[in-house]
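# Generate coordinates for the sequence data below:
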Amino acid sequence: MGTPEVISARSPRVAAARRLARRNFRGRERRFLAEGPQAVREAAGHRGSDGEPTLTELFATAEAAERYADIVEAARASGARVHLADADVLADVSQTVTPQGLIGVCRFLDAPFEEILAAKPKLVAVLAHVRDPGNAGTVLRCADAAGADAVVLTDASVDLYNPKSVRASAGSLFHLPVTVGVPVEQAVQGLRDAGVRILAADGAGTDDLDDELDAGTMGGPTAWVFGNEAWGLPEETRALADAVVRVPIHGRAESLNLATAAAVCLYASARAQRPRRTG
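Residues are numbered from 1 along each chain as shown. Here you go, the predicted model:
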């Protein structure tokens, strides 16, 4: 399959990859970085809605290329250009304290909101006013684990392609449709018109999640709207929902963090939507 190209720190390709740490360059090039074996493995197997490979380039140290030979081979098989580089070069590109020796350059992969609606989703996570990239990536990972059909990041939320978001998603970014930049009002109305019930997750919600489950109201298509971890959802966003639901605190904890609350809510819906076993 050929020998990977050895590349230096002065290469224009390294400089181009390094610039992707900045949002304006990511938007201009419609490229982002995926770091580490898990993210790169998932990127190598992903194709966009146009059928084109998502991974375009891979930078690897010689040690990582040997350790993760299967990932390097998958990247090459997908059509990505593979470069070998010294650890110092990858450290210069990496956004982590301890780089793992693999950095992929990927095409943007967000889907149009209309495509998500056309697929008639049953479970959606809407991130409204989520500003922390680690939270955004972790909620995306929770949505993937719960079997959600899509994730929506509104225009008031963090950049999906922030390196911390990508890293926190642990590869889930490549598993389910994600749309970005949709105003929350448009997201809610579009989902409601598609027959999806809108639930806002808020610690001060008037409805209790346990009561919703006991009442059997959560079996239909549902979109959960999650807000900022520090100050929750604005009143105008809560007013858009069909119900504002709190996760009950049965112990003495002051509250749950955003990702934990999102996991509880999404799994509750996933369980309610599962067909009941008979016999």
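
# Pull out the buried positions in stretch 94-113.
94-95, 99-107, 109-111, 113 (16 or more other CB atoms under 10 Å). Any C-beta I mention is one placed from the backbone N, CA and C, and that applies to glycine too.

# now do stretch 60-72
60, 61, 64, 65, 67, 68, 71, 72.

# Kindly confirm my reading that residue 152 is in a strand.
Yes. In this structure, residue 152 lies within a strand as judged by DSSP: H, G, I helix; E, B strand; the rest coil.

# List the contacts of it.
113, 116, 124, 125, 126, 127, 178, 179, 180, 182, 187, 223 (CB atoms under 8 Å, 6 or more residues apart in numbering).

# for stretch 246-264, which positions count as buried?
Neighbour counts over stretch 246-264 (16+ other CB under 10 Å) mark 246, 247, 256, 258, 259, 261, 262, 263, 264 as buried.

# Let me know the average pLDDT across it.
The predicted model gives stretch 246-264 an average pLDDT of 92.

# Keep only those of the buried residues of stretch 246-264 that are in strands.
Counting by DSSP state E, the part of the buried residues of stretch 246-264 found in strands is residue 246.

# quick revisit: redo the buried residues of stretch 60-72 as JSON lines? Include distance to residue 238 and pLDDT.
Putting the buried residues of stretch 60-72 into JSON lines (distance: CB to CB, whole Å; pLDDT from 0 to 100) gives the following:
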{"residue": "60", "distance to residue 238": "47", "pLDDT": "95"}
{"residue": "61", "distance to residue 238": "49", "pLDDT": "93"}
{"residue": "64", "distance to residue 238": "47", "pLDDT": "94"}
{"residue": "65", "distance to residue 238": "50", "pLDDT": "94"}
{"residue": "67", "distance to residue 238": "49", "pLDDT": "95"}
{"residue": "68", "distance to residue 238": "46", "pLDDT": "96"}
{"residue": "71", "distance to residue 238": "44", "pLDDT": "96"}
{"residue": "72", "distance to residue 238": "48", "pLDDT": "95"}
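
# List just the nearest of those residues to residue 165.
Nearest to residue 165 among these: residue 71, at 21.2 Å, using CB to CB.
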